[in-house]
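[1] sequence first, then the predicted structure:
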Amino acid sequence: MAYTDGDPLVVRIRIAFGASIAADPNTWAWTDVTAWWHASDEIRIEWGRSPGAQQAETSKMSFTLKDPDARFTAFDARSPYWPNVRKWTPIQYDIDLGDGSGWRNRFSGYIRKWPLTWPGGSGKLALAKIEAVGVLGRLARGKPPRRSALRRTIAATSPVVYYPGEDGVVAGQAGSEVAGAGPLAVSGVVEFKPVDDYKLSTSTVRYGTSAVPDLSGGGTLSATFPGIAAATGSQWTVHAMAKIEPSNASDKIVVMEWTTPGGTSGRWQLVVTKTSRIQVFAFDAAGASTMVVDYSGVIITFTSIAVSAQQVGGNVQVTARQTGFDLATGTIAGTIAGVTSITVNATGTTSTAPMPAGHIAVWATTNIPYRTSSAQDSYVAEYVSEPAKSYRQEAAVNRLARLTAEDGVRFTAPPVPANMVTRMGWQAPDVPTALYQECEDADLGLLYETGFGLGYLPRAARYNAPVALTIDAAVRQLGASFEPVDDDQMLRNRWTVERREGSTATAEDKDSIDKQGELEGTSNNLNLATDLTLQDQARFRLRLATAQEPRYPNISFTPSNSRSLAAAWCACKPGSRVQVINPPAQHVPGIVDQLIVGATETYDGRRSWKVTLNTVPARPWDVATVDGPQRVAAIGTTLTADAAAGALSVQITSTAANGRWTTRPGAFPLDMLIGGEHVIATAITGTGLTQTVTLSARSVNGVARSWLAGTPVTVLRPAVLAL
């Protein structure tokens with residue numbers, strides 16, 4: 001038998017004691033602890049977000065385990081799981097409906113608390129009341145620094161040495177991003193300053209860094225790191241971000257000097273000459289130099305500059321790079337050795353122009369392992385800037401995928417049609433969750449937790465959602481939490497959109513303002529690439545905020561009483577569509593049509609299972625499609641004369657501005673609204689503004705009554721353009 005046939009619910013609770021949460025969850029070793037579940041206490045799971053919440057929220061689970069032998073007691077060496085009974089241990093809760101589909105995961109997260117209690121003060125029964133949260137709760141811990149686009153990107157490539165140089169204005173050194181390494185020493189005249197924007201004729205380049213050292217006063221940066229010599233013993237790349245203008249320099253600029261003791265060449269220099277040549281010199285033990293690379297031309301914006309080397313037979317092959325391009329390659333006889341120190345602006349050259357330098361890194365590779373120039377993405381239409389230029393024009397869904405990958409978080413999202421991609425502006429320095437959220441804010445998608453990672457429902461995938469769950473109130477499937485609310489808590493009839501450091505656009509619903517007074521809403525600081533979509537953004541956000549229907553903050557049902565709904569419910573996630581059919585007689589006739597944004601599930605033992613949904617109206621997300629059910633809205637059409645209840649022929653009059661209704665036979669049947677009554681038209685005749693409508697059905701939504709002349713008439717599903 002199965003749960004749907006009346007069997008108890010099959011439950012599995014597993015804990016991954018000793019797991020590294022940085023590792024792939026598929027590699028974790030799981031321990032089944034279901035036998036110690038204290039079923040007398042309910043299991044409560046919350047996922048998604050609250051009704052009306054404008055940002056993703058972490059999921060939560062609370063439940064109780066019996067602890068008769070201290071096995072779930074933190075810091076107790078008698079536990080068979082010692083020393084791994086600790087906070088932030090992974091946990092999963094699964095159920096099996098017995099329908100052949102196997103285990104269905106209802107929660108994946110991390111134990112935040114292991115509090116131990118003794119009910120009634122007796123020592124005979126000890127209980128561990130566990131609280132767990134999802135990956136967003138883990139990411140929100142502590143106070144992570146606001147990292148720049150470059151700093152995040154380079155740190156994610158696992159450099160063996162990395163000094164961002166993004167220290168404070170009074171810093172006397174530059175800290176290492178690689179834990180355990182010593183600082184980058186600062187000497188001479190050095191100022192930590194923002195890098196000035198680069199102005200183009202049609203746009204502005206915002207560099208993807210916080211303030212870095214300005215060496216124009218002749219300052220130098222230097223560090224030693226003998227511990228990485230072995231890691232870089234066969235190949236290496238040394239790298240810096242710098243702005244170099246040879247014409248403003250007092251002399252040639254030794255951009256970087258680094259040592260490789262034990263190799264034929266124990267010291268190297270990357271030099272930019274006054275005549276704009278890029279040269280690489282190798283120095284032997286006696287101090288004699290050999291020019292290995294010589295290239296004419298220097299990019300004078302703030303950009304990457306690097307040298308890579310590897311052993312090729314009896315030679316060391318050396319390549320100089322700028323902005324990711326291989327400028328020139330040369331060879332020198334001898335053997336390579338690992339890097340042990342680096343100095344920037346080694347000879348203390350001064351400049352009359354700013355000379356910012358930072359993001360000094362060494363990799364044990366022969367390439368720069370991140371994108372250093374703009375490139376087209378899979379949507380082709382736009383070139384996306386590199387991290388040095390703050391990833392401008394990056395698609396919102398692609399930015400989320402990249403950000404989560406940098407943070408080691410699993411991520412999934414459906415593909416987005418090229419014509420519905422939201423392009424992002426500059427990626428400013430910020431913490432991970434804030435960077436994720438600005439992608440959702442710009443795109444109007446839904447970010448949520450799934451498994452031990454994050455999922456994302458792009459705006460394009462929220463349109464015209466299919467029905468995933470149908471709750472029939474007539475057969476008592478609807479629970480007690482069903483209270484339609486008609487208030488102005490979510491109503492905003494004037495909406496202003498503001499682009500970060502850009503322009504604004506406003507849309508308003510004049511009819512709502514006239515009848516309900518002005519209620520203004522704003523979307524401040526949207527990180528959009530351009531101002532071109534602002535008016536469309538304002539229009540669509542106004543539509544979401546002016547839905548003329550009741551709110552349903554919560555809709556509840558009980559799968560343990562309506563077991564036929566269990567499988568469909570388990571397939572629901574944020575963005576899924578739920579409909580309540582046959583609502584109580586006092587409710588507005590018709591179907592309650594909502595989108596799920598979150599839920600609370602309560603399991604009381606193995607037989608009681610209750611669900612409360614957090615929902616928002618679905619209709620604002622229904623948009624026009626080719627051959628879809630939506631029709632062009634009829635504005636200003638009214639009944640010409642009174643229409644008796646049940647009458648199957650009525651007259652309508654349209655405004656000159658709107659024009660007459662279609663008479664084309666292929667446009668029928670046509671769903672219409674007369675007042676609040678859903679009717680179906682089979683034909684419309686007449687060539688003037690007054691026309692006759694032939695109906696095949698009245699009272700489709702249960703509203704049966706007569707209507708007076710002047711009653712508004714429109715299509716049931718007005719065509720609305722997607723954003």
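    The structure has been received and is ready for your questions.
[2] relative to Thr232, how far out is Asp531?
    To Thr232, Asp531 is 47 Å away according to Cβ to Cβ, to the nearest Å. (Glycine included, C-beta is placed from N, CA and C.)
[3] neighbour count for those two, which is higher?
    Higher neighbour count among Asp531 and Thr232: Thr232, with 24 against 13, using other Cβ atoms under 10 Å.
[4] do you know how far the more buried one is from Arg106?
    Thr232 is 48 Å from Arg106, by Cβ to Cβ.
[5] just Arg71 next, same as before
    In this view, Arg71 and Arg106 are 24 Å apart by Cβ to Cβ.
[6] can you pull out the low-pLDDT segments for the stretch 1-150 of the chain?
    Filtered on pLDDT under 70, the stretch 1-150 of the chain yields the residue ranges 1.
[7] the strands in it, which residues?
    For the stretch 1-150 of the chain, the strands defined by DSSP state E, counting those that start in this stretch cover 10-15, 31-32, 43-48, 60-66, 90-96, 103-113, 116-117, 127-133.
[8] thought Ser234 was touching Ile336?
    Yes. Checked against Cβ atoms under 8 Å, the pair Ser234 and Ile336 is within contact range at 6.5 Å.
[9] neighbour count: these two, which is higher?
    Ile336 (24 against 15).
[10] is it fair to say that one lies in a helix?
    No. Applying DSSP: H, G, I helix; E, B strand; the rest coil, one finds Ile336 to be coil, outside a helix.
[11] need the contact list for it.
    Counting by Cβ atoms under 8 Å, 6 or more residues apart in numbering, Ile336 makes contact with Gly233, Ser234, Gln235, Trp236, Thr260, Gly263, Ala309, Gln310, Gln311, Val316.
[12] so for Gly628, what pLDDT did the model give?
    With respect to pLDDT, Gly628 scores 67.
[13] one more: Arg399?
    You'll see Arg399 listed with a pLDDT of 98.
[14] is it fair to say it lies in a strand?
    No. Arg399 is assigned helix when assessed by three-state DSSP, not a strand.
[15] gap between it and Ala56?
    Arg399 sits 15 Å away from Ala56, taking Cβ to Cβ as the criterion.
[16] before we move on, what about Gly217?
    Applying Cβ to Cβ, the value for Gly217 to Ala56 is 46 Å.
[17] neighbour-wise, which of these two wins?
    Ranked by neighbour count (other Cβ under 10 Å), Gly217 and Ala56 place Ala56 first, with 23 against 13.
[18] contact partners for that one?
    Residues near Ala56 by Cβ under 8 Å, 6+ apart: Arg49, Leu136, Tyr436, Gln437, Glu440, Leu446, Leu447, Tyr448, Glu449.
[19] return the closest of these with respect to Ala395.
    Closest approach to Ala395 among the contacts of Ala56 (Cβ to Cβ): Glu440, at 13.2 Å.
[20] which ones are touching that closest one?
    Gln55, Ala56, Ala396, Leu400, Leu446, Leu447, Tyr456.
[21] swap in 10 Å and give it another go.
    Residues near Glu440 by Cβ atoms under 10 Å, 6 or more residues apart in numbering: Gln54, Gln55, Ala56, Ala396, Leu400, Leu446, Leu447, Tyr448, Tyr456, Leu457, Pro458, Arg459.
[22] tell me which helix or strand it sits in.
    helix 432-443 (DSSP states H and E).
[23] quick check: buried residues in that helix?
    Pro432, Thr433, Leu435, Tyr436, Gln437, Glu438, Cys439, Glu440, Asp441, Ala442, Asp443 (16 or more other Cβ atoms under 10 Å).
[24] quick one: pLDDT of the second one?
    Read it as Thr433. We have a pLDDT of 96 for Thr433.
[25] what sits against it?
    Gln55, Ala56, Thr58, Leu136, Leu139, Ala140, Pro144, Leu403, Asp407, Leu447.
[26] now with 7 Å?
    Taking Cβ atoms under 7 Å, 6 or more residues apart in numbering, we find Thr433 in contact with Leu136, Leu139, Ala140.
[27] report the separation between it and Pro226.
    In terms of Cβ to Cβ, Thr433 sits 38 Å off from Pro226.
[28] try the third one
    With the distance defined as Cβ to Cβ, Leu435 ends up 36 Å from Pro226.
[29] ok, the last one next?
    Taking Cβ to Cβ as the measure, Asp443 and Pro226 are separated by 47 Å.
[30] repeat that for Asn419.
    Distance from Asn419 to Pro226, by Cβ to Cβ: 55 Å.
[31] looking at the two now, which is surrounded by more residues?
    A count of neighbours by other Cβ under 10 Å puts Pro226 above the other of Asn419 and Pro226, at 12 against 9.
[32] for Thr366, state which of the contacts of Glu440 is nearest.
    Nearest to Thr366 among the contacts of Glu440 is Leu400, at 30.8 Å by Cβ to Cβ.
[33] residues contacting that closest one?
    Phe411, Ala413, Tyr436, Cys439, Tyr456.
[34] and the first one, how far is that from Phe557?
    In this structure, Phe411 and Phe557 are 31 Å apart, going by Cβ to Cβ.
[35] between those two, who's got more neighbours?
    Neighbours were counted for Phe411 and for Phe557 using other Cβ under 10 Å; Phe557 has more, 27 against 19.
[36] not counting sequence-adjacent ones, nearest residue to the more buried one?
    Gly479 (4.8 Å; Cβ to Cβ, 6 or more residues apart in numbering).
[37] so what touches the helix or strand encompassing Ala223?
    Ala223 belongs to strand 220-224 when assigned by DSSP H and E. Contacts to strand 220-224, defined as Cβ under 7 Å, 6+ apart, come from residues 163, 174, 182, 184-188, 213, 340-346, 348, 357, 360.
[38] what stretches of the chain score poorly on pLDDT?
    For the chain (pLDDT under 70), the answer is 1, 627-628.
[39] on that earlier part again, what touches both of Ser234 and Ile336?
    In contact with both Ser234 and Ile336: Gln310, Gln311, using Cβ under 7 Å, 6+ apart.
[40] show me which residues of stretch 571-586 are buried.
    Cys572, Lys573, Pro574, Gly575, Ser576, Arg577, Val578, Gln579, Val580, Ile581, Asn582, Pro583.
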